[in-house]
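In: Take this sequence and fold it.
(4 chains)
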Protein chains: 2
Amino acid sequence: MERDLSLNLHVLVARLDRMADRILRAEHNISYSRFLALTLVGELGLSTQRALADGLGVTEPSVSRMTGVLAAEGLLDVQPDPAGGNRRQLSLTDKGKEIVASLRQEFEDKLAALVAHSGVPYAEFAQHTARLLATLDQMEQESTR
Amino acid sequence: MERDLSLNLHVLVARLDRMADRILRAEHNISYSRFLALTLVGELGLSTQRALADGLGVTEPSVSRMTGVLAAEGLLDVQPDPAGGNRRQLSLTDKGKEIVASLRQEFEDKLAALVAHSGVPYAEFAQHTARLLATLDQMEQESTR
DNA sequence: AATCCTAAGTTAGCATGCTAAGTTATGAGG
DNA sequence: CCTCATAACTTAGCATGCTAACTTAGGATT
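Out: Alright, predicted model coming up:
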């Protein structure tokens, strides 16, 4: 058999994303991508499109289109940054806040249940994942210098 | 801060996939999605589109289009299954075999380097990932009954 | 043999990722 | 002051994920 780590990680996340997407669409009429974007603005306070792109791990054009869609849906407020520069200041509308608040725990709980069922130690796996992400960040930063 | 596991996993994989994609496009003129499909046919011997869809963690229509593209590029051979049924029998062309053979180790090595650099124990993380994927498989199987 | 069931595959159309190339706002150097 | 550099953002167009609905092939039911 011998499926390697990169493949397993890729497939695991593809499936988790699809599950999350189905639940959100069925129960809350929003896609997982849109939900993630709102969460990062709401919970982490990412307030420019550039920061949001980094947070989501996607490119600026992707975020540019996404913020347009979310603004059109009335979930996100997009304004020129009063501090100047060619920036947008992002914030949630009341409707956006409601969605994030009501769903914040739901997925983490579902994933925690899967992890528990599998016997994998949650804290350790979460820590490893966070450390890999931090290392990747760091390597990307270094390579741009 | 407090970014949860599902978000970190999603972002980690999004970035790894993008890195892999860039390397493959630049050095070998093929996308990561296409490479993964060829790998699963070549290394795991997945020989129907349905099996390939499960292996990749995507849906049948996605695979249907992908096999069409790969066949058009001369990397994959797609034939009606001689055993009958509405099936296709998938196999690599010589050109497809070459690509898989020459790149099989490359990504795993690069990922292993990242993991080593981060200090995360490779074997343990790989085992946890594999176990989560197996558990997810099992839960999906059970829910279809 | 005619009808129906199921599994596999396809088609149509949308959502969202990407790259490449252009635009805009600000600040720095001459 | 004018020009240039840089960072953030946008636009255009393609690749590939999805769902919904359809088609096809074989086997089961009567």
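
In: so where do the strands sit in chain A?
Out: Here chain A has its strands, by DSSP state E, at A:76-80, A:88-92.

In: Tell me the buried residues in the last one?
Out: By neighbour count with 16 or more other CB atoms under 10 Å in any protein chain shown, strand A:88-92 contains the buried residues A:R88, A:L90, A:L92. No exception for glycine: its C-beta is placed from N, CA and C like everyone else's.

In: show me which of these neighbour chain B.
Out: The subset of the buried residues of strand A:88-92 within reach of chain B, by CB under 8 Å from any CB of the partner chain, is empty.

In: Could you list which of these also contact DNA strand D?
Out: Checking these against DNA strand D by CB under 7 Å from any atom of the strand, the ones in range are A:R88.

In: So which of the buried residues of strand A:88-92 is the closest to DNA strand D?
Out: A:R88 (4.1 Å; CB to the nearest atom of the strand).

In: wait, the closest one sits on A:T67?
Out: Yes: counting by CB atoms under 8 Å, A:R88 does reach A:T67; the two are 7.0 Å apart.

In: Need the residues touching each of these two.
Out: A:Q49, A:V78 (CB atoms under 8 Å, 6 or more residues apart in numbering or on different chains).

In: Once you drop chain neighbours, what's closest to the residue nearest the centre of chain A?
Out: The structure's chain A has its C-alpha centroid closest to A:L36; by CA atoms, centre = their mean the separation is 3.6 Å. Nearest residue to A:L36, sequence neighbours excluded (CB to CB, 6 or more residues apart in numbering or on different chains): A:L56, at 6.1 Å.

In: For that neighbour, list the residues it contacts.
Out: A:L56 sits in contact with A:L36, A:A37, A:L40, A:S62, A:V63, B:V11, B:A14, where contact means CB under 8 Å, 6+ apart.

In: Report how many residues lie close to the second one.
Out: Summarising burial for A:A37: neighbours were counted as other CB atoms under 10 Å in any protein chain shown, giving 27.

In: Skip the chain neighbours and tell me the closest residue to it.
Out: Leaving aside its sequence neighbours, A:A37 sits nearest to A:M66 (CB to CB, 6+ apart; 5.4 Å).

In: Alright, calling it a day.
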